Structure formats: structure tokens, C-alpha cells
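Asks: just to be clear, the model below is a prediction. Sequence and coordinates:
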Amino acid sequence: MHIPYIWLIVKLILIYKMKRNLLAICFCFSLLGLGAQNTFSDDVESYKVGDYVAKSSTYWTVWSGATGEGTQEDALITDENAKSGTKSIRFEAATTAGGPTDLVLPFGGEKNIGKLTYEMWIYVLSDQAAYFNFQAKATIGTTWALDNYFDGDGKFRATLGSSANGYLCEVDYAPETWVKYTLIADLTDNNWEVKLNDVTVAKFANPNNTIASIDIYPNYVTGTETRGNGSTFYIDDISYDYVPFVKPNLDATLLLIGYKPQFLADLNSAGTMQVRNLGNTAINSLEISYKLGNGATQVSTFNNLKIASLGFQVIDLPAVKYLAGQNELSVEITKVNGVADDNLSNNLKKSTLTGVVPAEFKKVVSEEATGTWCQWCPRGAVYMDSMARTYPEHFIGIAVHNQDTMTVPVYDRGLTSFPGFPGFPSVVNNRKTISDPLDLEAEFYSSIVEKTPVKLTNGATWNATTGDLNISVRADFLENLNGDYRFNLVITENGVKGTGAKFNQANTYSGGARGPMGGYEKLPNPVPASRMTYNHVARAILDGYDGISGFLPTKINSGSTYFITYSLNVPITWKEANLELVGLLLGPDGEIVNATQTTIAQAVANGLYTSVENPSPAPNVIKLAPNPAADYANIDLNLIDPTQVSIEIVDMLGQLVQSRNYGVLSGEMMIPVNTEAFENGSYLIKLKIGQNYQTRKLVVNH
């Protein structure tokens, strides 16, 4: 009965000869009732020069899946270069953005078990680049399993999703030579391996442990970098082999262990493990052992599990204490349903955990540009909250709102003017770098180890009845410094709620189509005010975005102490218990050198600093007295030459309170400032003398 099918196989082999054969053994064996192996090879010799690959083949396709292959997405056969024979497939990007060529080879459906080995030869022109990826899902564009870059700098790089997550490998390759690329994806045990010229360059567990196709897309822009002058390359001798998995009776495999790759040393962090049941018998209990570094081996048992055959389960693992430096964590399944399982080779996973030692007294400040109108900004809220929960002693988050009811205009203008500001949501880290909220943790670890030259401490007095708040920021300098260093103070509030549409939050994550986002995927778009709580909200910045020049001397000695005092009347709408005081020291380049964060109660416990004299103003700046002022203050000037003089006074929200143009003045004079109508609080006096500006802080206290 099987003879007709055998003749059919022979006929197919004869038609697709010269190695351009998809030996559809998975199809053929199923007809014969024997198995499901799937093998393919194509040395492209059976095509004609100038043929479109997807148009001429029943196995290749294009990204769009369009039936009109042979269009711009399709790739051409050429005789310009070849690894074997005389022909290969040529790829060239039309623009720096890549494409439009976008050739896809499916592997016969999505595979999440078994072993797939893919091979091809690739030839990249000198100073050019090549890119291809493996798709995890049968629906193209859903999930990227692995990205591969042969870059124009002569480096091969592989990443999981994006280079922002770090490279799996970064090794040299030789342009203008044929390089053999091999991927071995053991999907059963989640062991992936990449080889170049049969030499292993990367081994890893893949969080997207499925594979469905390869997508080849000429592109010489990698992330934000251009590596190479173009994207012209050739591929030849393409093949893959898929071997299915045969289930034993009892077999649990440990697919992934999920602990943070780095965490602060001496702190504890919990993790997870992903287990799959590869056997025929359901799993109801597991025993695991785990060990970090040279510590003792610990054992945990998990009962009441319900993992069906070929099913998955993510299980919470106990917290481990991170040790300073790099240490190996090993996690092993030791028993399944109370006994050893049938395959011990897939029970162990190892990972390297790094315990990071923060620099003494160091805090990291991340200022997030956000707004209720911004549909992507829930991402910033989620990651800022996560960082504040995870690193409460070292991370300071400030949400700087734009064009909504929580906006502080002077702060918003300053932050959105940061060099390279790309839009919302963005996070400015220590006023040195700018990033997406997704990269907050990576930026934190880059900064927290940097030594700081100053320790900052907040002190305060507080009258809960009148709302009068006096705050001192004290700086104890640990190194000699030279330059224009400036104090500043930001007040933030957590748990901010409001009513009406102005407190609604736009939410593009609604419905879950863009994946999980801290629960926002379960909320409507927009999220109504009744269901929104805003944290880290900047309420005031007391010395403007840039701080005030001239308060600190340009030469500061190690061991010296300076402090500055701020005064304001806290609006009744701000909730005292939710307010946080963020003291800052800015450096000569505008960077945040260090910071401190306290509640009002914590600052009051420290007391208001009065034991160290305020430094005298730097020479050649205006003099302002009395300060604090009640009904008036005087600005003393000594102008050598006749000079145009004007003045602006703004409050700490950046609102103009008073302004005047005095015309041309000269000699010694006093400019009075009437403060009778000013509310208690701090103000910035901006004096323009010719083309130069001098800014002083004035405290009004009636």
C-alpha cells in the first residue's frame, strides 16, 4: 500500500535536484507512518541568474507574505559570487534604513521542542554590513528569537531582541571571505549555540525558546549606530535539519532561571525558574537545590504542581543574597514526583550573578519627562516606581510633567532642553545621559559605582499649622574641587490624585496588544482620574533648573562644609506626608554631582543647619539685602561704565512676578525691590547688566 507514496518521494527528489531540495521528510514520513524529521537544502544552482528567489521557489517567501513575490521584497540570484558552483543570493540595502529586500525561509511551522540546526555561508563586502534574524513565531513580526549582525567594523554580534540588552557575543570575522554560520537550537532543553566556521561563539538559554523562520534583511544601521558604508552581501548553500523529540516516561527540564544578572551587593533578591514537562507522566512535585558562589547548597521542595505532559510552569525561587563581584549560581532539579527522572542531563542551569558595590554616599537621580497627554508615558511611571521600590536608598526619581496640570514650567523647559532630548517619555540620568525608561536599571548601575566628591544632607524646620517650611541642604566635601558648583532643591510628591479629565492618563498599552506594562494593559485608554495615582511628581525646583551661580566659591577644599537654606510656604493642596525633599549639588557642566532625598519628618529630625557660616558671595556679583526680606530688599550695584540694566523676578514655579527696564545706569547705586505684595517663599532675581546675567535668590518672610 505504501509503494505509490515511495514513488511520489522519488519523483519530488528528481524534480528538486542539485541540492535545491526541501526533503519534506516530515510530510513523507507521516505518510509512511514513521516519524516527522524535516530537512532542507538549497545551493541555488538550479535557479537562473536574475531569478527572484521567492517567486521561483515554493519554500522561500517574503516578509509581507504577499503572493506577488518577485517585487522589491524578493532577492535576486547572481553569478557575481558563490561559495559552491557559480551562483548565490545577493542582498543590498537601498537606503540607510534598510531593505526593501526582506527574504524569509520558513522552517515548516513554529517549533518549541526538538532540535533545529541551520547553516548557511555568507560573504560580506568590505566596509559593508549584513543582518538577519530568526523569528520565534509562525506569524512573522510577532517575536524575534535572535538577531545577528555582521557589522562593517569587522565584528559579528548576536543579540536577544536588541543591543540594549547586551551582546551574546562580539567576535571578529573576515569581510570578503565566505564565512560559515551555524545555529543549533535545542528547543527541548533550551540550549542555543551559534558557530562561525564551526567554532562556537555563543551559548545561551533563550527566553523566546521557539523558532519558525529566518528573515534576511539588508540593514547597516544597528540600533543607533551605523556600522559600515552599506549593506551588500551574498548567501549560499543554505540548509536546515529539524529532529523531533521523543518523550520518555518521566522527565522535567529546567529551561530558564530568572534572577537579576546584577544587584546591589549584600541585598537579597528572589528569582524564578521555568520548568517544562518533557515526559508522558504529569509532574506534581519538584525538589531543587541551588548554590551561589562558595555558599552552602540549599534545597527547596515545590508541591501541588500540575504540569501536564509538554506543559510549562514558572515557579518562584527563594531570594539569594548577592555577593560582591561575579559569582556563579547553579540551580538543579534533583527529584521529580519524589524520584529521579529519566533524563538527568537537562536538570541543571547556571548563571553568573554580579553583586555591585555602590560608591559611598552616592545617589542616582533620574528626571523623567512625562505628561498625562503622553500615551507612552505609563512606561515611565512603571519603571520609575519599580526602581524606587527596588533601590530606595540609592535611586531618586523625579517626574517632570509637561503641558498638564502638574507642570512646573521652569523645570519642564530645562529638562526638555537637555542636549539630544528625543521626546516623551525620556529619562535624564544625573544630567549626564538620556535614555528610555526601559534602560533605567542599566543607567543606574553605570552611575552608582562612580565615586562622589560630596556628601549631602537635608535639614528642616516645619510648621504644620502655617505651612512654613525651611530647608537646609548641607554639603560635606570629600575632595578638592574647582569650578562653578551650585546647590539646588527639588520638592516631589507621591500619591498625587485629582478629579476631572485633566488628571486622566493617555494609555497606549490598553488592551495588551503591546504586551504587559505593570497593569496598564488592563486599564482603559485614557485611564480615568479616579483610577490614577501619580508618583515622584516635581512640585517645585527652588533655584531654577540650572541653580544659582556665585553662592559657592570656585575653589572648594576637601573637608570643608557649606550649606544653603530655602524657605517656602507649602500649598495646602500638597500632602505633607507624601512630600520628599531632594537636595542637589550641580557641577560645572550642569551634571548632578550628588543628591540626597528625605521626607519632611526625616529632615526635621536632622535639624536646620546653622553651625556653619554661609559662604560669602563670589566677587563681582550683585549684593542683595536684607535677605530674607519682609517688605523690601535692595540690590547694590557698582557699574564702572554706563550699562543697560533690566530686572525680572520669578517665583519657584517659573511665573513672572515683576519686571522693569532701568535703561542705562552707571556708578554706585541701589535698586529697591518692593516685596510687600509677595507671598512668603523663594524667588529668583534675574538682573541683566549689558549682555551679562546675574541671578540671586531672594527669600520673602513677612
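Replies: The structure has been received and is ready for your questions. Numbering: from 1, shown residues only.
Asks: only C-alpha atoms from now on, for both contacts and neighbour counts.
Replies: Noted.
Asks: what about the stretch 201-350 of the chain, any weak spots by pLDDT?
Replies: 221-228 (pLDDT under 70).
Asks: mind listing the strands in it by residue range?
Replies: Applying DSSP state E, counting those that start in this stretch to the stretch 201-350 of the chain gives strands spanning 211-216, 221-222, 225-226, 232-243, 252-258, 262-264, 268-277, 286-292, 298-302, 312-321, 325-336, 348-356.
Asks: nearest to residue 105, out of the ones you listed?
Replies: Residue 105 lies closest to strand 211-216 among these, at 5.4 Å (Cα to Cα).
Asks: surely residue 372 and residue 501 touch.
Replies: No: at 9.7 Å, residue 372 and residue 501 do not qualify as touching, with contact defined as Cα atoms under 8 Å.
Asks: who's more crowded, those two?
Replies: residue 372 (24 against 13; other Cα atoms under 10 Å).
Asks: show the contacting residues for the residue lying closest to the more buried one once chain neighbours are set aside.
Replies: Nearest non-adjacent residue to residue 372, counting by Cα to Cα, 6 or more residues apart in numbering: residue 505, 4.6 Å away. Contact partners of residue 505, counting by Cα atoms under 8 Å, 6 or more residues apart in numbering, are 371, 372, 373, 374, 375, 378, 525, 526, 527, 528, 529, 532.
Asks: kindly recompute the last result at 10 Å.
Replies: Contacts for residue 505 (Cα atoms under 10 Å, 6 or more residues apart in numbering) come out as 371-378, 524-529, 531-534.
Asks: do residue 206 as well
Replies: Counted by Cα under 10 Å, 6+ apart, residue 206 has contacts 145, 146, 160, 185, 187, 190, 191, 192, 255, 256.
Asks: so what's the closest residue to the third one other than its chain neighbours scoring on pLDDT?
Replies: Excluding the flanking residues, the one nearest residue 160 by Cα to Cα, 6+ apart is residue 146, at 5.1 Å. As predicted, residue 146 sits at a pLDDT of 96.
Asks: could I get the average pLDDT for stretch 355-373?
Replies: 97.
Asks: ok, now stretch 399-412?
Replies: Stretch 399-412 comes out at a mean pLDDT of 97.
Asks: which positions in it come out as buried?
Replies: Under the neighbour-count criterion of 16 or more other Cα atoms under 10 Å, stretch 399-412 has 399, 400, 401, 402, 406, 407, 408, 409, 410, 411, 412 buried.
Asks: picking that back up, okay, and the common contacts of residue 372 and residue 501?
Replies: 526, 527.
Asks: can you tell me which residues contact the closest residue to residue 274 other than its chain neighbours?
Replies: Nearest residue to residue 274 in three dimensions, chain neighbours excluded: residue 314, at 4.4 Å (Cα to Cα, 6+ apart). Counting by Cα under 10 Å, 6+ apart, residue 314 touches 255, 256, 257, 258, 272, 273, 274, 275, 276.
Asks: tell me the SS of the residue nearest the centre of the chain?
Replies: Centroid-nearest residue in the chain: residue 439, 1.9 Å away (criterion: Cα atoms, centre = their mean). Assigned by DSSP: H, G, I helix; E, B strand; the rest coil, the conformation of residue 439 is helix.
Asks: my guess is it contacts residue 383. True?
Replies: Yes: between residue 439 and residue 383 there is a contact under Cα atoms under 10 Å: 8.9 Å.
Asks: now the strands for the stretch 551-700 of the chain?
Replies: Going by DSSP E, counting those that start in this stretch, the stretch 551-700 of the chain shows strands at 555-556, 561-569, 579-586, 592-599, 623-625, 632-651, 656-674, 681-689, 692-700.
Asks: low-scoring pLDDT stretches of the stretch 51-200 of the chain, where are they?
Replies: Low-confidence segments of the stretch 51-200 of the chain (pLDDT under 70): 66-70, 161-165.
Asks: show me where the stretch 51-200 of the chain has its strands.
Replies: Using DSSP E, counting those that start in this stretch, strands in the stretch 51-200 of the chain cover 61-62, 76-78, 88-92, 103-111, 115-124, 130-135, 144-150, 155-159, 167-172, 178-186, 191-196, 199-204.
Asks: what's the spacing between the closest residue to residue 512 other than its chain neighbours and residue 387?
Replies: Of all residues beyond its chain neighbours, the one nearest residue 512 is residue 521 (4.6 Å), with distances taken as Cα to Cα, 6+ apart. According to Cα to Cα, to the nearest Å, residue 521 stands 20 Å off from residue 387.
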